[in-house]
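Colleague: Here is the input, now give the coordinates:
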Amino acid sequence: MVRTVDENVQPPSVQVEAALLTRAAGGDEAAVAALYDAYARPLWAFGLRRLGDPELAGELVQRVMTRLWQSAGRYDPSRASVRSYVFTIARTAVVDLHRQRARQPQPSADAEDVASGVAAIDELDALLQAEVVRAALDRLSSDHRQMLDLAYFRGLTQVEIAGCLELPLGTVKSRTYYALKALRLACDELGVNQ
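Modeller: The predicted structure follows:
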């Protein structure tokens, strides 16, 4: 399934991507082609950064799109976005390609190359975890998101949040507690290990 990528293609919305994946699960080749158009370039760039080889990056795109098509019926939109699903498949494919390359005789990989491969996988894990946490935050109420944003992303103390929102300190404390509890539950549902 080798296709060229139209550079003018706009990425589909989250709902459209989920519908495309559902159609792909039913064997709709046009839906598979649309997903390919949306993800081939980002996957190739991702593969090039992680693998350092344009040929392997192209192999990664093919593997991911094939696995995406084969596993489309198992996709659950309540657990993650299609983008998260695609890049989770990509992470696994990168690891597979690293292992495959490690089994093949190489001229001489120095410790720096090995360390950069491990660092790339660690960075990928962090990016995927961040994407899933972002999806978990999207599941929270606006009050809970606001509390976590002020406390953890903007670094305000609970006293500062109370002053900013003109709320009693006790309300800020309880909302923060329940926001963290809701975030933990959403992360559990999305399969994030805390």
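
Colleague: low-confidence ranges in the chain?
Modeller: Along the chain, the parts satisfying pLDDT under 70 run over 1-12, 104-122, 124-125, 190-194.

Colleague: try 80 this time
Modeller: Within the chain, the ranges that satisfy pLDDT under 80 run 1-14, 101-134, 187-194.

Colleague: measure the most centrally placed residue in it to Met147 for me?
Modeller: Nearest residue to the geometric centre of the chain (CA atoms, centre = their mean): Ser84, 3.3 Å. From Ser84 across to Met147, the span is 24 Å (CB to CB, to the nearest Å). C-betas here are computed from N, CA, C, even on glycine.

Colleague: go on, Leu21?
Modeller: Computed as CB to CB, the Leu21 to Met147 distance reads 33 Å.

Colleague: and those two? which has more neighbours close in?
Modeller: For Leu21 versus Met147, neighbours defined as other CB atoms under 10 Å are more numerous around Met147 (27 against 24).

Colleague: Output stretch 126-144 as CSV, nothing but the C-alphas.
Modeller: Extracted in CSV, the C-alpha atoms of stretch 126-144 (Å, rounded to 0.1, in the frame of the first residue of the first chain):
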residue,chain,number,x,y,z
ALA,A,126,6.7,10.8,27.5
LEU,A,127,5.0,12.3,24.5
LEU,A,128,2.4,9.5,24.4
GLN,A,129,1.8,9.7,28.1
ALA,A,130,1.3,13.5,27.7
GLU,A,131,-1.2,13.0,24.9
VAL,A,132,-3.2,10.5,27.0
VAL,A,133,-3.1,12.9,30.1
ARG,A,134,-4.3,15.7,27.8
ALA,A,135,-7.2,13.4,26.8
ALA,A,136,-7.9,12.7,30.4
LEU,A,137,-7.9,16.4,31.2
ASP,A,138,-10.5,16.9,28.4
ARG,A,139,-12.8,14.5,30.2
LEU,A,140,-12.9,16.7,33.4
SER,A,141,-15.5,19.4,34.2
SER,A,142,-14.5,22.9,33.4
ASP,A,143,-14.2,23.7,37.2
HIS,A,144,-11.9,20.8,37.7
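
Colleague: Show residues contacting that stretch.
Modeller: 80-81, 83-84, 87-88, 91, 145, 148, 175, 178-179, 182-183, 186-187, 189-192 (CB atoms under 8 Å, 6 or more residues apart in numbering).

Colleague: 10 Å instead?
Modeller: With CB atoms under 10 Å, 6 or more residues apart in numbering as the test, stretch 126-144 has contacts from 14, 46, 78-81, 83-84, 87-88, 90-91, 145-149, 153, 165, 171, 175-176, 178-194.

Colleague: From the residues you listed, keep the buried residues only.
Modeller: 46, 80-81, 83-84, 87-88, 90-91, 145-148, 165, 175-176, 179, 182-183, 186-187, 190, 192 (16 or more other CB atoms under 10 Å).

Colleague: Tell me where this structure has helices.
Modeller: Secondary structure of the chain (DSSP state H): helices at 14-25, 29-51, 54-71, 82-103, 111-138, 142-148, 158-165, 169-190.
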